[in-house]
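>>> predicted structure and sequence below. I'll ask about it afterward.
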Amino acid sequence: MSEAAIRTQGLSKTFGGRRTLLGRTRHEIRAVKDVSLELRRGETLAVVGESGSGKSTLARMLVGLEEPTSGRIRIGGRDAMEMRREGPRAFGRMIQYVFQDPVASLNPRKSIGQILDAPLQILCRYDHSGRRERIQELLDAVQMPGDTLSRYPHEFSGGQAQRIAIARALAAEAEIMVLDEPVSALDVSVQAQVLLLLRDLKRRFALSYLVISHDLAVVEAISDRVAVMHFGDIVEEAPAGRLFADPQHDYTRKLLASAPRIRKE
Ligand SMILES: Nc1ncnc2c1ncn2[C@@H]1O[C@H](COP(=O)(O)OP(=O)(O)OP(=O)(O)O)[C@@H](O)[C@H]1O
């Protein structure tokens, strides 16, 4: 398909600004302002910016967890709202979300086998034994041992839990993943392993990633292109190499000057 994986046009989100029941007007926050961006097929686009710049709100709108105030989202060439109206199955097969806090994103009362089985049941493609087999393949893909399926989320470290959350996202067979600070809750040594895994999975399954991060070292390690967000605006967008070597916007320069670096493989 030649269509972009994701394309937004004039996407905005404003919080507050309306009268409460007591007649007070809440302060208006324009979290995302008129953002038009494109995630190309097969690429990793990072959206980077400081805390409060609107990154998560943008990501949450892309995956349908937040309603845009205005603007449009197209996913794989189709209108996202329209797809969501068709139900979670069609939408979940196009785009998946990986949360920042891996342990909190997994239901503590369900075994890993049950957690991974849910998206497979939604797919309606496998019978019971087919799903068991697929769960083993998914665990294998994220380099987790087979006995993981009978265990519970609290039994795993943050890095292992994030691998399981990534396996759950893979289970839906979507080609697009939105990853919101996928390694920021992890130790630095574990961060590198999860980033390598994400890179490997992207190649193996021809995925497209939109990665939200405040961490430029992470962004430099995995992204093909970078969009810099500042107070809800995308102030600069460039291939990663160019952005790090020759930042154009004052805010980007400021961000780069304040960040430690790790090098791309
Ligand atoms: N549900 C909400 N209600 C009101 N304001 C919100 C809501 N969600 C986000 N905001 C505000 O929108 C702005 C952007 O927040 P957002 O979480 O998108 O930024 P961010 O760049 O992801 O920051 P962080 O990395 O700290 O999550 C902030 O001022 C935030 O307080």
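Ah, there it is.
>>> which helices and strands sit right next to the longest strand anywhere in the chain?
Ranked by number of residues, the top strand in the chain under DSSP state E is strand 6-15. Applying 3 or more C-beta pairs under 8 Å, 6 or more residues apart in numbering; DSSP states H and E, we find strand 6-15 packed against strand 29-35, strand 38-39, helix 55-62, strand 70-75. All C-beta atoms are positioned from the backbone trio N, CA, C, and that covers glycine.
>>> ok, the shortest one: who's next to it in the sheet?
According to DSSP bridges, strand 38-39 forms sheet pairs with strand 6-15 (antiparallel).
>>> list the residues that contact the nearest residue to residue 39 once chain neighbours are set aside.
Spatial nearest neighbour of residue 39, chain neighbours left out: residue 6 (4.1 Å); criterion: C-beta to C-beta, 6 or more residues apart in numbering. By C-beta atoms under 8 Å, 6 or more residues apart in numbering, the contact set of residue 6 is 37-39, 62, 73-75, 95, 176, 208, 210.
>>> just these now: which is nearest the ligand?
Of all the contacts of residue 6, the ligand sits closest to residue 62, with 12.0 Å by C-beta to the nearest ligand atom.
>>> list the contacts of residue 239.
Applying C-beta under 8 Å, 6+ apart, the residues near residue 239 are 224-226.
>>> repeat for residue 198
For residue 198, the contact set (C-beta under 8 Å, 6+ apart) comprises 166, 179, 182, 209, 222.
>>> same question, residue 197
142-143, 163, 166.
>>> one more time with 7 Å, if that's ok
142-143, 163 (C-beta atoms under 7 Å, 6 or more residues apart in numbering).
>>> then residue 173?
By C-beta under 7 Å, 6+ apart, the residues touching residue 173 are 93, 123.
>>> touching, residue 96 and residue 171? I think so.
No. Under the criterion of C-beta atoms under 7 Å, residue 96 makes no contact with residue 171, lying 8.7 Å away.
>>> for the stretch 101-250 of the chain, which residues are neighbours of the ligand?
Applying C-beta under 6 Å from any ligand atom, we find that the stretch 101-250 of the chain lies next to the ligand at residue 214.
>>> can you show me the helices along the stretch 101-250 of the chain?
102-105, 112-123, 128-141, 158-171, 188-205, 216-222, 240-245, 250-257 (DSSP state H, counting those that start in this stretch).
>>> if we can go back for a sec, in PyMOL, how would I select just the buried ones from the contacts of residue 6?
Buried members of these, defined by 16 or more other C-beta atoms under 10 Å, are picked up in PyMOL with:
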select buried, resi 37+38+39+62+73+74+75+95+176+208+210
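>>> reformat the contacts of residue 6 into JSON lines and put distance to residue 149 and pLDDT next to each item.
Formatted as JSON lines, these follow (distance: C-beta to C-beta, whole Å; pLDDT from 0 to 100):
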{"residue": "37", "distance to residue 149": "38", "pLDDT": "96"}
{"residue": "38", "distance to residue 149": "38", "pLDDT": "96"}
{"residue": "39", "distance to residue 149": "32", "pLDDT": "97"}
{"residue": "62", "distance to residue 149": "30", "pLDDT": "96"}
{"residue": "73", "distance to residue 149": "35", "pLDDT": "97"}
{"residue": "74", "distance to residue 149": "36", "pLDDT": "97"}
{"residue": "75", "distance to residue 149": "30", "pLDDT": "96"}
{"residue": "95", "distance to residue 149": "25", "pLDDT": "95"}
{"residue": "176", "distance to residue 149": "26", "pLDDT": "97"}
{"residue": "208", "distance to residue 149": "28", "pLDDT": "97"}
{"residue": "210", "distance to residue 149": "29", "pLDDT": "98"}
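>>> neighbours of residue 236, how many?
20 (other C-beta atoms under 10 Å).
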